[in-house]
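Visitor: structure, please.
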Amino acid sequence: AKARSLCASEVAARARTLMQAHYQEFCDERIDGAELERRRAAAREQAAKEHPPLSALETAFAAYTAAAAAEQAAEAKREAAEATLEAALHALEKKGEAGPSGVKAEA
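Guide: This is a model prediction of the structure:
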């Protein structure tokens, strides 16, 4: 959050520059308030994409988030496989006390 705030004033200044022509269209009544708001959001998004440090931060954060999600998914798969393995082992143990060769010991 702190890194993003360091870039905020530069991004806002670029967005204002991008909005100048749109604001003029609004003042000339060629677009309405809803369209001006849509263009404002698009200008802020474009300004953020054009800011190299912020773009690098966003890219790195997206990669980190994806890696963390993949790690969580892999952990969930490992836990499910472990549970399946334990259930299979428990079923074999329940079937009878088999020796190392799989043959039951005779009583």
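
Visitor: and for stretch 30-47, what are the contacting residues?
Guide: Stretch 30-47 is contacted from outside by 11-12, 14-15, 18-19, 22-23, 25-26, using CB atoms under 8 Å, 6 or more residues apart in numbering. The way it works is simple: take the backbone N, C-alpha and C, and place the C-beta from them, glycine included.

Visitor: what mean pLDDT does it get?
Guide: Taken as a whole, stretch 30-47 has a mean pLDDT of 96.

Visitor: and it, C-alpha only, in CSV?
Guide: Only the C-alpha atoms of stretch 30-47 are listed here, as CSV (Å, rounded to 0.1, in the frame of the first residue of the first chain):
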residue,chain,number,x,y,z
ARG,A,30,-21.0,16.6,-26.1
ILE,A,31,-20.9,13.9,-23.4
ASP,A,32,-22.9,13.5,-20.2
GLY,A,33,-21.8,13.0,-16.6
ALA,A,34,-21.9,9.2,-16.8
GLU,A,35,-19.7,9.2,-19.9
LEU,A,36,-17.3,11.6,-18.2
GLU,A,37,-17.1,9.4,-15.2
ARG,A,38,-16.4,6.3,-17.4
ARG,A,39,-13.7,8.2,-19.2
ARG,A,40,-12.2,9.4,-15.8
ALA,A,41,-11.9,5.7,-14.7
ALA,A,42,-10.3,4.8,-18.0
ALA,A,43,-7.9,7.7,-17.8
ARG,A,44,-6.8,6.6,-14.2
GLU,A,45,-6.3,3.1,-15.4
GLN,A,46,-4.3,4.2,-18.4
ALA,A,47,-2.2,6.5,-16.3
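
Visitor: the strand or helix carrying E82 - contacts with which helices or strands?
Guide: Per DSSP states H and E, E82 falls inside helix 52-95. Contacting helix 52-95 under the criterion 3 or more CB pairs under 8 Å, 6 or more residues apart in numbering; DSSP states H and E are the following elements: helix 2-27, helix 33-50.
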